[in-house]
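J.: Sequence first, then the predicted structure, then my questions.
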There are 2 protein chains.
Amino acid sequence: MTIVDNRSNGVINLGEKGVLSKDGGLLADRAYAYIRTQLADGVLGPGSRLNELEISQHLGISRGPVREAIRRLTSSGLAIYEPNAGARVVSLDIGDVAQLYEVREALEARAAGLAAHHMTDDERETLIATLDEHEARMTEASSTSYPRGGSDWDFHLLILKGARNAVIWRICGDELRDMFSLLRNQHGSSPGRGHRALQEHRWIAEAIVAGNADFASLLMAQHIRASRDNLLSAMQTNASKNNRLKSR
Amino acid sequence: MTIVDNRSNGVINLGEKGVLSKDGGLLADRAYAYIRTQLADGVLGPGSRLNELEISQHLGISRGPVREAIRRLTSSGLAIYEPNAGARVVSLDIGDVAQLYEVREALEARAAGLAAHHMTDDERETLIATLDEHEARMTEASSTSYPRGGSDWDFHLLILKGARNAVIWRICGDELRDMFSLLRNQHGSSPGRGHRALQEHRWIAEAIVAGNADFASLLMAQHIRASRDNLLSAMQTNASKNNRLKSR
DNA sequence: ATTTGAGCGATTGTCGACAATAGTCATGAG
DNA sequence: CTCATGACTATTGTCGACAATCGCTCAAAT
């Protein structure tokens, strides 16, 4: 089913040197990137099984690296794992999402405060420029939702990066971002939220540029709470719709 | 050197069913627990290499599960990993520790607030009882530092657990706790910090028992900042001592 | 008709072997 | 004496095979 018939597998394992992809040469990295892409593109929905053999055959590699990639996914919370039964893509209910937002709020608020201290002038300019570009794209597409392609995260990642904290970066910029990109495939945002979000981004950026850490932190916390409320209510209606259809 | 001569290895891999240890039967879990124990006991100091072959032979298993355990350690930040060069136990400098505390402060403060909401009456009683016990052990040992054996974490884990947030639990209760247990092997706490810490714990517990979320959160943030300052200054003096000795 | 259990297929868990890479050490040229 | 060069070794990366386990099907007994 997910097996796209790509011949040219089989024996081509390492063509000549290990330069078979733009990745770091480690097959496990390649497998990891592959699965992550599948997740981000929605090919693998919540609850999908991650079959080691299937993936390894599809990639033309052995099960070892694939297994490692899957375990990595598991470590970051993108998959759940049952011994002797394999891994499935995590399926998040409303409670889970609320917990994720709890962490995001706490950490990104802090990150915004840190960014207000640590960002270079260049970074502050980039922050503003990014928002200008987002606004341009929004009006151009005359869309009421934030421009597609993870643009919303562009802004948040800039701040996360400016916070100069590797731990926060790993948690929010890597793991949580993957989690939320999973969610984006299932639930959209309410109409009108885009403009509001952009405005909130502007306020946060202004506070950061002004070096006002406490204010930036506060605004970011509010922004994330608003985002949470938006997504949570979308999930709520989705859930009740599904309940009506599938009786479970 | 690290090879303790325990016969009874060799061929006993899966004695009869998989019941060879209290673990889940997965050899990778066993390897993970083993390495973690070595870390917690200080057998493996910061910078130590994690040799797949050595560990696997010591445990009488093959490299596969050991490799998986090491990668798991890497995912949680306890080890750093270089492709084709293996993994080493992470060595944290002052900046790293400061970043860890930053995350702990943000998340545990939030956890304290959540705990004030969600804890059952039983849990609140246990919280108080735990502090009573800590106090008893401190006066009994007439020690000025918090009772050994991770008692300090007892308190924090109770709160983390009471927060009813799996994500916070995974980050603070699992990963960060391991990181800090690594640190405990290198740096002690200042004299007198024990009593002060206990007092702070009491205040936090009172706020939680009273259901005062904001206050509990604030007190926890202060408590962790104090703990950070304590450890950081210890590291500072340690570092300068080492500088004088080793010129690096 | 329900339940139990034996067999079977699919998938994961583990292993040992081999390939590839990085680091080391000796050797030799400048 | 220093630096480049080339084996050599230790360690990681990958593979294919086999064992163990789980879930399912289907038959048989009550």
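T.: In hand now; what should we look at?
J.: Helices along chain A, start to end?
T.: Taking DSSP state H as the test, the helices found in chain A are A:27-40, A:52-59, A:63-75, A:94-118, A:121-140, A:151-162, A:166-168, A:177-184, A:193-209, A:213-246.
J.: Where does the prediction get shaky in chain A?
T.: Counting by pLDDT under 70, chain A contains low-confidence residues at A:1-24, A:142, A:188-189, A:242-248.
J.: near chain B, which residues of it?
T.: A:24-26, A:64, A:67-68, A:71-72, A:75-77, A:83, A:96, A:99-100, A:102-103, A:105-107, A:109-110, A:114, A:165-168, A:170-171 (Cβ under 8 Å from any Cβ of the partner chain). Any C-beta I mention is one placed from the backbone N, CA and C, and that applies to glycine too.
J.: picking that back up, for the helices of chain A, give me TSV that also has mean neighbour count and distance to DNA strand D.
T.: Shown next, in TSV, are those (neighbours: other Cβ atoms under 10 Å in any protein chain shown; distance: least, Cβ to the nearest atom of the strand, whole Å):
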stretch	mean neighbour count	distance to DNA strand D
helix A:27-40	20	3
helix A:52-59	17	7
helix A:63-75	21	4
helix A:94-118	22	22
helix A:121-140	14	33
helix A:151-162	21	27
helix A:166-168	19	21
helix A:177-184	18	21
helix A:193-209	20	39
helix A:213-246	16	18
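J.: To B:I208, which of those helices lies closest?
T.: Among those, the nearest to B:I208 by Cβ to Cβ is helix A:94-118 (17.0 Å).
J.: Which strands and helices lie in contact with the closest one?
T.: helix A:151-162, helix A:166-168, helix A:177-184, helix A:193-209, helix A:213-246, helix B:94-118, helix B:166-168 (3 or more Cβ pairs under 8 Å, 6 or more residues apart in numbering or on different chains; DSSP states H and E).
J.: Try it again at 7 Å.
T.: If contacts are counted by 3 or more Cβ pairs under 7 Å, 6 or more residues apart in numbering or on different chains; DSSP states H and E, helix A:94-118 sits against helix A:151-162, helix A:166-168, helix A:193-209, helix A:213-246, helix B:94-118, helix B:166-168.
J.: Can you name the residue of chain A nearest DNA strand C?
T.: A:G86 (2.9 Å; Cβ to the nearest atom of the strand).
J.: Could the C-alpha coordinates of stretch A:208-220 be exported in CSV?
T.: Extracted as CSV, the C-alpha positions of stretch A:208-220 are listed here (Å, rounded to 0.1, in the frame of the first residue of the first chain):
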residue,chain,number,x,y,z
ILE,A,208,12.3,41.9,22.2
VAL,A,209,13.8,44.6,20.0
ALA,A,210,13.3,47.0,22.9
GLY,A,211,15.1,44.6,25.2
ASN,A,212,12.1,44.3,27.5
ALA,A,213,12.5,40.8,28.7
ASP,A,214,9.6,40.6,31.1
PHE,A,215,7.2,42.1,28.6
ALA,A,216,8.3,39.8,25.8
SER,A,217,7.9,36.8,28.1
LEU,A,218,4.4,37.9,29.1
LEU,A,219,3.3,38.5,25.5
MET,A,220,4.7,35.2,24.3
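J.: any residues touching that stretch, and which ones?
T.: A:108-110, A:112-113, A:115-117, A:119, A:124, A:127-128, A:159, A:200, A:203-204, A:207 (Cβ atoms under 7 Å, 6 or more residues apart in numbering or on different chains).
J.: let's see it at 10 Å
T.: A:104-105, A:107-119, A:121, A:123-125, A:127-128, A:156, A:158-159, A:162, A:200-207, B:106 (Cβ atoms under 10 Å, 6 or more residues apart in numbering or on different chains).
J.: Identify the residues contacting A:G113.
T.: A:G113 neighbours (Cβ under 10 Å, 6+ apart): A:159, A:163, A:207-208, A:212-218, A:220-221, B:102, B:106.
J.: Could you do A:Q236 as well?
T.: By Cβ under 10 Å, 6+ apart, the contact set of A:Q236 is A:I94.
J.: how far away is it from A:G25?
T.: Distance of A:Q236 to A:G25, computed by Cβ to Cβ, to the nearest Å: 45 Å.
J.: Mark out where each domain of chain A begins and ends.
T.: Annotated domains of chain A cover A:1-91, A:94-246 [automatic domain parsing].
J.: So what's the gap between the first one and the chain middle?
T.: Just to be clear, that refers to domain A:1-91. Here domain A:1-91 is found 18 Å from its chain centre; the criterion is Cα atoms, centre = their mean, to the nearest Å.
J.: What of the last one?
T.: With Cα atoms, centre = their mean as the basis, domain A:94-246 stands 11 Å off its chain's centre.
J.: Endpoints of stretch A:44-58, how far apart?
T.: 14 Å (Cα to Cα, to the nearest Å).
J.: now check it, is it near DNA strand C?
T.: Yes. Contact between stretch A:44-58 and DNA strand C, assessed by Cβ under 7 Å from any atom of the strand, occurs at A:49-53.
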